[in-house]
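In: would you be able to build a 3D model of this:
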Amino acid sequence: MKKVSDNWQAAFPAGKVGPEFWAAFEENAKNAGAEIFKVKTAAEAKEIVINLAKFTNAKKVVAVDSALQTAANINEELKANGISVFNEATDIAEHAESADIGISTVEFAIGESGSLCMDGYAFESRLVTMLPPIHIAFVNSNAVVPGITEAFETIAQVYENGYVSFITGPSRTADIERVLTIGVHGPSRLVIIAVDEALNGGVN
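Out: Okay, the predicted model is just below:
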């Protein structure tokens, strides 16, 4: 899958990324309507995904694969529970609109706004975050910058061309008679699973 950068970690400003900014991110993300789970291992993340899929009676999932998903064997576990999983680019394009859940991994979180920063160069990575009614986003709980300034400092280190997006809570709009509506232009639920162990196959 094409990305803006294959090494976002190297782009973080020195001394301006780490778990010390997690509390601010968690509070602000929850205030924006996100659901947050913080776990230590990929195996615990898998359990949350499977339980959510069962609870919502999901039948179809589109997923942009990551090292964490591979390490936790998430796709195979979903299939073992009778859920169709589509993770190839062409299959994602075909099934994203009718999928129940989209799964992605984002590059880092922003404490100040409770936002996630996603490398969205690949078209399929954007589809899984925008079309299914539930978006599950994995993030490393240590990859948190304090504010928007540090986020753009990070992006400036790696960006030459492509697409980078910020995700803050579920989709919401109030442009129709100024009535707040959730899920009109995107997912009605944003579920963030923050994993303590590095997303590199489950090894710190």
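In: got the residue ranges for the strands in this protein?
Out: Residue ranges of the strands in the chain, as given by DSSP state E, are 35-39, 60-63, 84-86, 101-105, 108-110, 115-119, 134-140, 144-145, 164-167, 172-173, 181-182, 189-195.
In: for stretch 15-25, the averaged confidence score.
Out: Computed over stretch 15-25, the mean pLDDT rounds to 96.
In: and if you look at stretch 107-124?
Out: Averaging pLDDT along stretch 107-124 gives 96.
In: then it to CSV, C-alphas only?
Out: Provided in CSV are the C-alpha atoms of stretch 107-124 (Å, rounded to 0.1, in the frame of the first residue of the first chain):
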residue,chain,number,x,y,z
GLU,A,107,0.2,7.2,12.4
PHE,A,108,-0.2,9.2,15.6
ALA,A,109,-2.6,11.0,18.0
ILE,A,110,-2.8,14.7,19.0
GLY,A,111,-3.5,15.6,22.6
GLU,A,112,-4.7,19.1,22.1
SER,A,113,-7.6,18.2,19.8
GLY,A,114,-8.2,14.5,20.5
SER,A,115,-7.5,13.8,16.8
LEU,A,116,-5.9,11.0,14.9
CYS,A,117,-3.5,11.6,12.0
MET,A,118,-3.8,9.1,9.2
ASP,A,119,-1.5,8.6,6.2
GLY,A,120,-4.2,8.4,3.6
TYR,A,121,-2.1,8.3,0.4
ALA,A,122,-3.7,5.0,-0.6
PHE,A,123,-7.3,5.3,-1.8
GLU,A,124,-8.4,2.2,0.1
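In: what does the longest helix anywhere in the chain contact?
Out: The longest helix of the chain (DSSP state H) is helix 42-55. For helix 42-55, the external contacting residues (Cβ atoms under 8 Å, 6 or more residues apart in numbering) are 37, 39, 58, 61, 68, 71-74, 77-78, 81, 83, 100-101, 103, 134, 136, 138, 191, 193, 195, 197, 202. C-beta coordinates here come from the backbone N, C-alpha and C atoms, glycine included.
In: are any of these buried, and if so which?
Out: Among the contacts of helix 42-55, the ones that count as buried by 16 or more other Cβ atoms under 10 Å are 37, 39, 58, 61, 68, 71-72, 74, 77-78, 83, 100-101, 103, 134, 136, 138, 191, 193, 195, 197, 202.
In: any regions of this structure where pLDDT drops low?
Out: Along the chain, the parts satisfying pLDDT under 70 run over 171-186, 199-204.
In: contacting residues for the residue nearest to the spatial centre of it?
Out: Residue closest to the mean C-alpha point of the chain, counted by Cα atoms, centre = their mean, is Ala137 at 2.3 Å. Ala137 is in contact with Ile103, Ser104, Thr105, Val106, Leu116, Met118, Thr129, Ile167, Leu190, Val191, Ile192, Ile193, counting by Cβ under 8 Å, 6+ apart.
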